[in-house]
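In: how would this look folded up:
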Amino acid sequence: MTATEPAAARAWALLQAYEQARAHWPAVPAGHHRPQSVGGLVDLLPQADAVLLDAFGVLNLGAQAIPGAAQMLQRLRELKVPFRIVSNAASVPKATLVQRYHRMGLPLQAEDFVTSRDVVAAALAAAPQRRWAVVAPVGADCSDLPLAQARRCEAGALQDDDDAVLFLCAQGWDEVAQQRLEHDLRRRPRPVWVANPDLISPWEGGWAREPGGWCLHLAARTGATVQMFGKPFAAIFERALASLPPGVRRTQVWMLGDTLHTDVLGALAAGLRAALVTGAGASTGLDVQRAAATTGIVPHAVLPFIGPGP
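Out: Just a heads-up that it's a prediction; the model follows:
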């Protein structure tokens, strides 16, 4: 896939990549509903006790805010509708994430975010003490994570006293490092925690493989136990729900995202209402009716942008 491909072709290729890995994702819960087409998030608010929003493709594309996103966030605050940004952003501490969004003109605070990094941090704090080999680029800031014993997994090589692997970020990772990691895991399988289950993401010039993409077949290839954190898995949604004010009804919480297999499927499996955003992110140009028929993943609503679009 390249950046020059038509948006519809890219969206369908992404959907197929996730669908081919369907055995790794949560099951679609029983139930029948037809998606309603709406103009924006404001049309869903009469049915909403609270709102969960994906970041990429809903609030921003790269370093640019999507037009209308800032206004919609302000509208939610004015109407006192609780919201959280639920993201698989695991590569940086939350303070860095907040700074990025401030530069985009999106005045979000740390408490507005629930990330897969948060879920990993909670799991690390509750787990037995281990020595972790952390997959992350040189200079990555891990100071917010409870890693009493950790080192950077240099070029995929594991040491004999490494108890487990934390795959935090795929930046700089390549096939050579992957092959070395798999070799060392086959020699002695160890638990592998994947902080971002996304398979691929759009990047300049094409697509970048994310931690979930590198680790999808790791268990079968090496015998290692692989655990993924973030959307579409339950823990991140439960953490987001727990952060909302008392009295919020699960069935009246909307999750809005640009990907069927992470945002929509995860929300449906968690018992939430799910809306697919199609105007700017991974589902731009997607034939939603065909996608729903192919995957069985049916959003409750479809909208181009959360606020007034470009």
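
In: hey, let's count contacts and neighbours off CA atoms from now on
Out: Fine.

In: for stretch 22-34, list the C-alpha coordinates in PDB.
Out: Listed next in PDB are the C-alpha coordinates belonging to stretch 22-34 (Å, rounded to 0.1, in the frame of the first residue of the first chain):
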ATOM      1  CA  ARG A  22      -9.700 -12.100  12.900                       C
ATOM      2  CA  ALA A  23      -8.900 -14.900  15.200                       C
ATOM      3  CA  HIS A  24      -6.800 -12.600  17.300                       C
ATOM      4  CA  TRP A  25      -9.600 -10.000  17.900                       C
ATOM      5  CA  PRO A  26     -12.700 -10.200  20.200                       C
ATOM      6  CA  ALA A  27     -15.800 -11.800  18.900                       C
ATOM      7  CA  VAL A  28     -18.700  -9.700  17.600                       C
ATOM      8  CA  PRO A  29     -21.500  -9.800  20.200                       C
ATOM      9  CA  ALA A  30     -24.900 -11.000  19.200                       C
ATOM     10  CA  GLY A  31     -27.400  -8.400  18.200                       C
ATOM     11  CA  HIS A  32     -28.800  -6.700  15.200                       C
ATOM     12  CA  HIS A  33     -28.900  -3.000  14.400                       C
ATOM     13  CA  ARG A  34     -28.700  -0.800  11.300                       C
END
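
In: if we ignore the residues flanking it in sequence, what's nearest the spatially most central residue of the chain?
Out: Centroid check for the chain by CA atoms, centre = their mean gives N88 as the closest residue, at 3.0 Å. Among residues not flanking N88 along the chain, S116 sits closest, at 4.9 Å (CA to CA, 6 or more residues apart in numbering).

In: residues in contact with the one you found?
Out: 87-90, 195-196, 229-231, 236 (CA atoms under 8 Å, 6 or more residues apart in numbering).

In: can you rerun that using 6 Å?
Out: 88, 90, 229-230 (CA atoms under 6 Å, 6 or more residues apart in numbering).

In: ranges for the helices of the stretch 1-150 of the chain?
Out: For the stretch 1-150 of the chain, the helices defined by DSSP state H, counting those that start in this stretch cover 7-20, 69-79, 94-103, 116-126.

In: and the third one with helix 116-126, angle?
Out: Orientation check (axes from the mean of the first three to the mean of the last three CA atoms, to 10 degrees): helix 94-103 against helix 116-126 gives 170 degrees.

In: ditto for the second one
Out: On the basis of the same axes, to 10 degrees, helix 69-79 is oriented at 60 degrees to helix 116-126.

In: contacts for helix 69-79, please.
Out: For helix 69-79, contacts defined as CA under 6 Å, 6+ apart pick out 59, 106, 307.

In: swap the cut-off to 8 Å and go again
Out: In contact with helix 69-79 (CA under 8 Å, 6+ apart) are residues 41, 58-60, 82-83, 105-107, 306-308.

In: buried residues in that helix?
Out: Buried residues in helix 69-79, defined by neighbour count with 16 or more other CA atoms under 10 Å: 69-70, 72-73, 76.

In: just these now: which is nearest T294?
Out: A69 (30.3 Å; CA to CA).

In: I'd like to know how far the closest one sits from L53.
Out: Distance of A69 to L53, computed by CA to CA, to the nearest Å: 11 Å.

In: show me where the stretch 201-310 of the chain has its strands.
Out: 206-209, 226-228, 253-257, 273-277, 301-303 (DSSP state E, counting those that start in this stretch).

In: next, the angle strand 253-257 makes with the fourth one.
Out: Just to be clear, that refers to strand 273-277. Taking the same axes, to 10 degrees, strand 273-277 and strand 253-257 form an angle of 20 degrees between their directions.

In: helices and strands around strand 273-277, which ones?
Out: Contacts defined by 3 or more CA pairs under 8 Å, 6 or more residues apart in numbering; DSSP states H and E place strand 273-277 against strand 253-257, helix 265-269, strand 301-303.

In: just the CA atoms of that strand, as PDB, please.
Out: The C-alpha coordinates for strand 273-277 follow below in PDB (Å, rounded to 0.1, in the frame of the first residue of the first chain):
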ATOM      1  CA  ARG A 273     -22.500   2.300  21.100                       C
ATOM      2  CA  ALA A 274     -20.100   2.500  18.200                       C
ATOM      3  CA  ALA A 275     -19.800   5.100  15.500                       C
ATOM      4  CA  LEU A 276     -17.400   4.900  12.500                       C
ATOM      5  CA  VAL A 277     -15.800   8.200  11.400                       C
END
